[in-house]
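Engineer: Here is my input, please return the structure:
(4 chains)
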Protein chains: 4
Amino acid sequence: MIGWLKGDVQHRDQKGSRNLVLIACGGVGYDVQLIERDWQAVSTDQRHEFWIHQVVSADNLQLFGFLQLAERDLFRELIQVSGVGPQAGLALLNACAYKELVTALVHSDLKTLCRAKGVGKRTAERLALELRTRLTDSVASTGPERNQLDPVAPDLIATLETLGFETHEIRDALQRLNGMGGPQDGDDDDAWLRACIKLMSSTDP
Amino acid sequence: MIGWLKGDVQHRDQKGSRNLVLIACGGVGYDVQLIERDWQAVSTDQRHEFWIHQVVSADNLQLFGFLQLAERDLFRELIQVSGVGPQAGLALLNACAYKELVTALVHSDLKTLCRAKGVGKRTAERLALELRTRLTDSVASTGPERNQLDPVAPDLIATLETLGFETHEIRDALQRLNGMGGPQDGDDDDAWLRACIKLMSSTDP
Amino acid sequence: MIGWLKGDVQHRDQKGSRNLVLIACGGVGYDVQLIERDWQAVSTDQRHEFWIHQVVSADNLQLFGFLQLAERDLFRELIQVSGVGPQAGLALLNACAYKELVTALVHSDLKTLCRAKGVGKRTAERLALELRTRLTDSVASTGPERNQLDPVAPDLIATLETLGFETHEIRDALQRLNGMGGPQDGDDDDAWLRACIKLMSSTDP
Amino acid sequence: MIGWLKGDVQHRDQKGSRNLVLIACGGVGYDVQLIERDWQAVSTDQRHEFWIHQVVSADNLQLFGFLQLAERDLFRELIQVSGVGPQAGLALLNACAYKELVTALVHSDLKTLCRAKGVGKRTAERLALELRTRLTDSVASTGPERNQLDPVAPDLIATLETLGFETHEIRDALQRLNGMGGPQDGDDDDAWLRACIKLMSSTDP
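Structural biologist: Predicted coordinates:
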């Protein structure tokens, strides 16, 4: 129901491994749990916007907040995987930067996924299995504002932009990939997507 | 509990067949699912009013929004029919314009009802059976602001107005129906209502 | 959780015997069910204050609103009686004016209680049995702002004020009762309370 | 979900042993239960800020409010102990001042804990057992804004500040304790913490 909050960070707190803020919207303050890097990035008495995921259960109403929309949407995908609750979802986003996590999921890089607290090998496998397809499909078919501008492989570019890659990075990778005769393991969208990500991840600073 | 929201559309998104917006009211943003035509009609950063239906369950709080009050009220009737959940309710409203759907329900037009994704023949029959009476009763007995002005068959006119027909359309139909000696299958309110709808639907552009 | 709403009545509607309003507070509109006399007393696009009782269940969040605090508090007492849900509570308040209902409960006047839709003899008996004591106790021991001013029987006066009687009415009744040598059936608080209510109810216009 | 409310106290009421206020934030009024000393400290039509704990269950949404953040956080710890619900948590905070309650928990002072309505010997033992460690751990490891200023035993000082002791009080106690050759029962953090609390509690006016 609640998908976004904009207000003053009234209070910051850490309970065990949980990073908590209280966001005051009008006269109502909401307890929200953040990922570590977002918690470090916000300061009290400053106005911030968070993309929210609300978890409803019989005895609790919890809010999880993200400064980046893409990370909130990825969090929503992660916790749909059986055995992955909100805390494991946050642990995954705490253990890796956004692009690194997406790359690990798309490439079934279990070692990276297992860096997250509470994520063992079996959960990592299920994550990679379920999310690799869903992430690619959901990202490919329903990117929010389709990028109609670019004549070259618009869907592929839109998909990679939604994954957080910069447009210029994507174009360079596409050019180099074309120069190399395209992906080695096939010519469908999936193959181009994987090859582009691999190329951009290997050249990341 | 929540029946209406007025705010800026902060974000538009499509997840599979679901049309989603985030409506910011004060500092709180609400995730709301719309029907396709409403989703196409709204744009980000513009202020819109939605009539809302809130669905509460043990593990979820969902909001469904409608630009037209009559469509929100019809949606509420649709999902009271056993076997028809919110997604099937939206599918019915996506498959037909409002008047077309009401006409199909009042005339047990199963073919039209089955155009909706996830609505099979049996559900269509149950919809027609349960809603035809309820829709007519609930609309006939409790139209929100009774139209006291019109001397001729006020309740019938108010009922048809609430179903979305224009007053001038209704008056023409009544006159032609009177000219034809009234409805063929009886003289009670129900017969007049059905005959009027049939006449106005057959002459619709 | 929600105990009060102040906003514009955005929409009035009647669904069967239910009297509904939509109250817009900021950008959020709340569906609230009222008793008939309050529904008649409010008009759209006007600002009103309602004392609210929120009912939470696994599949619903409902709000019941009252223009008078005393009626909301009485409603809360009524629905604590086993077998009396919100609709029966509203039916009781619809069937009787506030003072009449309190008098009927304090005097176990089953005939009056059974006027309410959905309240049979057995429920009326349980209401009178449970509420007569609780109403008198809860009213006698915890009246919100104790009336410290009046030297004569302050608790009795405060109790009767909380039941909705005017101070001047109460003083007249007390004087006449003193003139008649006090209540016939005893001299404890309960007897004085019953005798006063009887006296004031018999002389009501 | 809701962790703080700021608004006008619209209404004060007492129902049995429960101290209730209605806090109006914008057009929405929230029913909140307070501890006795806070209820006495607030007056109607004045703006107050409350730290809130929200309790969600299948048939209820309750809000408990505290003028002091430390008391809300201690309340949250109390009600995590099995057998201690919100009413017993409030009873504990009603029976003792904040420091007195913390001291009783850290020193397993069952007599003081049993002063609270509804808290028997067994619950008092469980409270002392579970909370003494958790209170000390949670307070020692995650005090909200670590006090980086003080060169001398910063964690100990921050812990005692979070327990509500004044900085000057803590420094005096540390100096006297150093003068006495440190705590008698060991030299770890726990021993210093207990000894300081004992010293400051015995010298309290």
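Engineer: Tell me which residue lies farthest from the centre of chain A.
Structural biologist: A:Gly27 (31.1 Å; CA atoms, centre = their mean).
Engineer: I'd say that one and D:Leu5 touch.
Structural biologist: Yes - assessed by CB atoms under 8 Å, A:Gly27 is found in contact with D:Leu5 at 6.1 Å. (C-beta placed from N, C-alpha, C; glycine too.)
Engineer: Overlap in contacts, these two.
Structural biologist: Common neighbours of A:Gly27 and D:Leu5, using CB atoms under 8 Å, 6 or more residues apart in numbering or on different chains, are D:Ile23, D:Cys25.
Engineer: which is the next helix or strand following the helix or strand of chain A with the lowest mean pLDDT?
Structural biologist: When each helix and strand of chain A is scored by mean pLDDT, DSSP states H and E, helix A:154-162 comes last, with a mean of 74. Per DSSP states H and E, the first helix or strand lying C-terminal to helix A:154-162 is helix A:167-179.
Engineer: quick one, domains of chain A?
Structural biologist: Taking automatic domain parsing as the domain assignment, the ranges for chain A are A:4-66, A:69-142, A:154-202.
Engineer: could you check whether the helix or strand that contains A:His11 is close to chain D?
Structural biologist: In this assignment (DSSP H and E), A:His11 forms part of strand A:2-15. Yes - Strand A:2-15 reaches chain D (CB under 8 Å from any CB of the partner chain) through A:Gln10, A:His11, A:Arg12, A:Asp13, A:Gln14, A:Lys15.
Engineer: neighbours around the fifth one, how many?
Structural biologist: Other residues near A:Gln14 number 16, with proximity taken as other CB atoms under 10 Å in any protein chain shown.
Engineer: Do I have it right that A:Leu74 meets A:Tyr98?
Structural biologist: Yes - contact criterion CB under 8 Å: A:Leu74 and A:Tyr98 qualify, at 6.8 Å.
Engineer: neighbour count winner among the two?
Structural biologist: Remark: of A:Leu74 and A:Tyr98, A:Leu74 carries more neighbours, 24 against 16, as counted by other CB under 10 Å.
Engineer: I'd like the distance between A:Ile35 and chain B.
Structural biologist: 19 Å (CB to the nearest CB, to the nearest Å).
Engineer: Which residue is the nearest non-sequential neighbour of that residue?
Structural biologist: A:Leu93 (4.8 Å; CB to CB, 6 or more residues apart in numbering or on different chains).
Engineer: How about the contacts made by the one you found?
Structural biologist: A:Ile35, A:Glu71, A:Leu74, A:Phe75, A:Leu78, A:Leu101.
Engineer: ok, so of these, who is nearest A:Pro183?
Structural biologist: A:Leu101 (22.2 Å; CB to CB).
Engineer: That closest one and C:Cys114: what is the separation?
Structural biologist: Computed as CB to CB, to the nearest Å, the A:Leu101 to C:Cys114 distance reads 66 Å.
Engineer: Chain A: helices as residue ranges?
Structural biologist: Remark: helices assigned in chain A by DSSP state H are A:36-41, A:69-78, A:86-95, A:98-106, A:110-113, A:121-142, A:154-162, A:167-179, A:189-202.
Engineer: Out of the ones you listed, which gets nearest to C:Gln46?
Structural biologist: So among the helices of chain A, helix A:69-78 is nearest, using CB to CB, at 39.9 Å.
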